[in-house]
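S.K.: Whatever this is, show me its structure:
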Amino acid sequence: MRKFEVIFLSEVREFLLNLDSKSREKIIFNIDKAKITKDNEHFKKNDLKMYTFDQIKDEFIGEIGTERRTQYEQELQLEIMGEMIRKVRMERNLTQEELGKLIGVQRAQISKLENNTSNVTMQTILKVFGALKAKVNFNVELINSKIQTAR
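M.R.: Reported below is the predicted structural model:
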């Protein structure tokens, strides 16, 4: 039997805490069942539907290309970037204030950047990573080849 460990972010715990006990137990039960299931045959035999994480996002957030999904993906990327800035800053043993001085902004601006609480310019982001002596690579992926414009 294959084993895997399920690790959750604190947000998942908070989500579970906000559910009624029956719903919470059902979710935990199904996760446990998935952990001990030898393979997907159990799900097929018992006529249980399986979903990929992308299918769950499509259903609850919206399909790729929808306004809601685009906003979600952008917020996610900004959140990840803020966490990367914090991680690198801490690895370089810099305080927010020290990093702010290196690029000419206040400590509060660095805090907002790390916590994704304000709009920042690309120039500021590049300055931050430059001050942290971190190489920045941008990966642009075209989702589809047709671009529709409003008329």
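
S.K.: what element comes up after the helix or strand of the chain with the lowest mean pLDDT heading to the C-terminus?
M.R.: Among the helices and strands of the chain, helix 41-45 carries the lowest confidence by mean pLDDT, DSSP states H and E, at a mean of 60. Using DSSP states H and E, the helix or strand that follows helix 41-45 towards the C-terminus is helix 53-60.

S.K.: Need the single longest helix in the chain, by residues.
M.R.: Across the chain, the longest stretch assigned as helix under DSSP state H is helix 67-91.

S.K.: what sits up against it?
M.R.: Helix 67-91 has contacts (CB atoms under 8 Å, 6 or more residues apart in numbering) with 57-58, 61-63, 96, 99, 110, 113-116, 125, 128-129, 132, 134. (C-beta placed from N, C-alpha, C; glycine too.)

S.K.: which ones among the residues you listed are found in helices?
M.R.: Using DSSP H, 57, 58, 96, 99, 110, 113, 114, 125, 128, 129 are the members of the contacts of helix 67-91 that sit in helices.

S.K.: Which among those residues count as buried?
M.R.: With neighbours counted using 16 or more other CB atoms under 10 Å, the ones in helices among the contacts of helix 67-91 contain these buried positions: 57, 96, 99, 110, 113, 114, 125, 128, 129.

S.K.: centroid residue for this protein?
M.R.: residue 76 (4.5 Å; CA atoms, centre = their mean).

S.K.: pLDDT score for that one?
M.R.: We note a pLDDT of 83 for residue 76 in this prediction.

S.K.: Just the buried residues of stretch 96-113, please?
M.R.: If you call a residue buried by 16+ other CB under 10 Å, then stretch 96-113 has these buried ones: 96, 99, 100, 102, 103, 105, 109, 110, 111, 112, 113.
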